[in-house]
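Peer 1: Here is a sequence together with a model predicted from it:
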2 protein chains.
Amino acid sequence: MKTVMLLHPGEMGASIGSAIVANGYTVLWVPEGRSQATRQRAAAAGFEEAELLDALSRVDIVISVVPPGAAIQVAQQVADGGFEGTYVDMNAISPRSASQIATAFSDYVDGGIVGPPARETGTTRLALSGPKTDEIKALFAGSFIEVVDLGIEIGTASAFKVGFAAWTKGSGALLLLICAYARSAGIENELFEEWERRGMTQKAQSIRAAEQMAPKSWRFGDEMRQISDALEDAGLGIGFFLHAGETFDRLAHINTESDRKLSLEEVTRELLAGRSLRDPFD
Amino acid sequence: MKTVMLLHPGEMGASIGSAIVANGYTVLWVPEGRSQATRQRAAAAGFEEAELLDALSRVDIVISVVPPGAAIQVAQQVADGGFEGTYVDMNAISPRSASQIATAFSDYVDGGIVGPPARETGTTRLALSGPKTDEIKALFAGSFIEVVDLGIEIGTASAFKVGFAAWTKGSGALLLLICAYARSAGIENELFEEWERRGMTQKAQSIRAAEQMAPKSWRFGDEMRQISDALEDAGLGIGFFLHAGETFDRLAHINTESDRKLSLEEVTRELLAGRSLRDPFD
């Protein structure tokens, strides 16, 4: 049976790796430089510890599930390590980035994950595309992860993820911006009332966006810039997703380890304060 | 009773003027340079024809209801004509533009209309702000148009309109862009299926956005740029609404006189073709 290396088991990665372990495969991971939370997740999922360069010659498949801003660097490490098997990038990156990463490997499968970390069937789908999707599909047979085969072209799976995330995250950024604007202009209550009287659910959606997105915003900024590249490459212009990225950047300093949900008021205040991890004067 | 001049009676303006006529006021309009459709609307509404410079000395109130891109020019004409009464700008412009226009008049009321042209009660609200809102409120007593008094500051009524339109039109532009992207990437059906299986209504919303927004896109581009200015002035960054404006610009050549509804497929094709009225090579 094939051996898989998973880089790196965050919550999503751990659920991907668990599905593979459940099918009887050996899954290696690389503890060097990872957090205590990651170590606990990896141990609980039954992954085996390995040293990156040492293990690359022993594994058949490397799967990358990392924050979008780290995808190219991780791929580079694996390519530099002389890996000769199949590299699968499942990250939220543009087709442009996927194609760029693909050039470093003789066998590459493009992937995109839609939904939360899988703990039951029906929530999470893994889009795959490229010439060797069958090899990767087999890892997930009968698991919580439903595979969607999008054909032989590298980039299609990433485009599917771009299209899906563009609405869920783009509309969330838009709502948070509008709420911040309404607050600064002193018409927040009037706007909420206007939405409500028209049967529009945007207030509840904004509250949910603040709760759910702010703690993940440290990785959403980079994802928005990948989506921006994708739309730009399709000739559709730029602006929306650079602004969405900047919006999430302004929230990125919020502690991601905290389980405390953020209120819409806290989030709009942070947006108006304009703090940004990318701001050199912060 | 006071005399009102209405510049210019499009569908929205005619419904505003009709409410004032129904309250017994004389409403003048300026036929010079207007279309046959506008003439018919004005006659049906009971407006009286006038010549701009001649009539400005006779009217107490001038109300501007024009496409956002024409708001400043129309205000300039009225100011240049030596108008000394109360000028009311009800257009979809930024607080910045409202403040700029206000400097040309001794009495200025800021307005913003939310909802469709009023043909019944409960659909359409007119936000007003500024030191003299009472004078304007009185024009609409008991009419289909519900007035929302937002206080004495010029800009607040425009901000309310900005906040409301930012979602209705901004989210429409975002959906149309995403659908165009999905089409270009060959994952349109897969995205629609993914939305549907998650109980998301974005496909239906996209179809509605194409039908309802494309024919009005010739004036939405300028409105998006006004919204962009408003958010920028609030320190919230730029990008979303410049991109939304460019998106509507790409649809602006579509015939606005046609009653034919546009399909999502037609709209996404136009967006991908990238034609723009603002493109000098078009």
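Peer 2: All right, it came through fine. Keep in mind that this is a model prediction, so the values were computed, not measured.

Peer 1: List the contacts of A:V88.
Peer 2: A:I61, A:V62, A:I63, A:S64, A:Y108, A:V109, A:G111, A:L128, A:I136 (Cβ atoms under 8 Å, 6 or more residues apart in numbering or on different chains). Every residue, glycine included, has its C-beta placed from N, CA and C.

Peer 1: now with 7 Å?
Peer 2: Taking Cβ atoms under 7 Å, 6 or more residues apart in numbering or on different chains, we find A:V88 in contact with A:I61, A:V62, A:I63, A:S64, A:V109, A:G111, A:I136.

Peer 1: From those, pick the one nearest chain B.
Peer 2: Proximity of the contacts of A:V88 to chain B (Cβ to the nearest Cβ) peaks at A:G111, which lies at 13.8 Å.

Peer 1: Doesn't the closest one belong to a strand?
Peer 2: Yes - with DSSP: H, G, I helix; E, B strand; the rest coil as the criterion, A:G111 is part of a strand.

Peer 1: Look up the pLDDT of the closest residue in space to it that isn't next to it in sequence for me, please.
Peer 2: Distances taken as Cβ to Cβ, 6 or more residues apart in numbering or on different chains put A:M90 closest to A:G111, at 3.6 Å, once the chain neighbours are dropped. Listed pLDDT for A:M90 reads 98.

Peer 1: again with A:V66
Peer 2: Per-residue pLDDT puts A:V66 at 97.

Peer 1: Help me confirm that it is found in a helix?
Peer 2: No - applying three-state DSSP, one finds A:V66 to be coil, outside a helix.

Peer 1: who touches it in this structure?
Peer 2: A:L7, A:H8, A:V74, A:N91.

Peer 1: Might you enumerate the residues of the stretch 1-150 of chain A proximal to chain B?
Peer 2: Listed as neighbours of chain B in the stretch 1-150 of chain A under the rule Cβ under 7 Å from any Cβ of the partner chain: A:V114, A:V148, A:L150.

Peer 1: need the residues you listed in CSV with secondary structure, can you?
Peer 2: Listed next are these as CSV, based on three-state DSSP:
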residue, secondary structure
A:V114, strand
A:V148, strand
A:L150, coil
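
Peer 1: With pLDDT added, can I get those in CSV?
Peer 2: Listed next are those as CSV, based on pLDDT from 0 to 100:
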residue, pLDDT
A:V114, 98
A:V148, 97
A:L150, 98
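
Peer 1: JSON lines please, covering these and showing distance to A:S206.
Peer 2: Shown next, in JSON lines, are the residues of the stretch 1-150 of chain A next to chain B (distance: Cβ to Cβ, whole Å):
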{"residue": "A:V114", "distance to A:S206": "23"}
{"residue": "A:V148", "distance to A:S206": "31"}
{"residue": "A:L150", "distance to A:S206": "33"}
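
Peer 1: Next up, phi/psi of the spatially most central residue of chain A, please.
Peer 2: For chain A, A:A92 is the residue whose C-alpha lies nearest the centre (Cα atoms, centre = their mean; 4.6 Å). Main-chain torsions, A:A92, degrees, to the nearest 10: phi -80, psi 70.

Peer 1: Enumerate every residue touching it.
Peer 2: A:P68, A:K161, A:A165, A:E223, A:Q226.

Peer 1: Which members of the residues you listed occur in helices, if any?
Peer 2: Taking DSSP state H as the definition of helices, those contribute A:K161, A:A165, A:E223, A:Q226.

Peer 1: Now for the first one, how many residues are close by?
Peer 2: Same thing as A:K161. Residues lying near A:K161 (other Cβ atoms under 10 Å in any protein chain shown) number 31.

Peer 1: residues contacting it?
Peer 2: A:A92, A:G112, A:I113, A:V114, A:A127.

Peer 1: So A:A92 versus chain B, what's the distance?
Peer 2: Distance, A:A92 to chain B, by Cβ to the nearest Cβ, to the nearest Å: 15 Å.

Peer 1: can you give me the helices for the stretch 51-200 of chain A?
Peer 2: For the stretch 51-200 of chain A, helices defined by DSSP state H, counting those that start in this stretch occupy the ranges A:52-56, A:71-80, A:95-102, A:133-137, A:156-185, A:188-197.

Peer 1: Please point out which parts of the third one sit buried.
Peer 2: So that's helix A:95-102. A:P95, A:S97, A:A98, A:S99, A:I101, A:A102 (16 or more other Cβ atoms under 10 Å in any protein chain shown).

Peer 1: now those residues as TSV including pLDDT?
Peer 2: Listed next are the buried residues of helix A:95-102 as TSV, based on pLDDT from 0 to 100:
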residue	pLDDT
A:P95	98
A:S97	98
A:A98	98
A:S99	98
A:I101	98
A:A102	98
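
Peer 1: you'd agree A:R39 is up against A:P31?
Peer 2: Yes - contact criterion Cβ atoms under 7 Å: A:R39 and A:P31 qualify, at 5.9 Å.

Peer 1: All good on my end, thank you.
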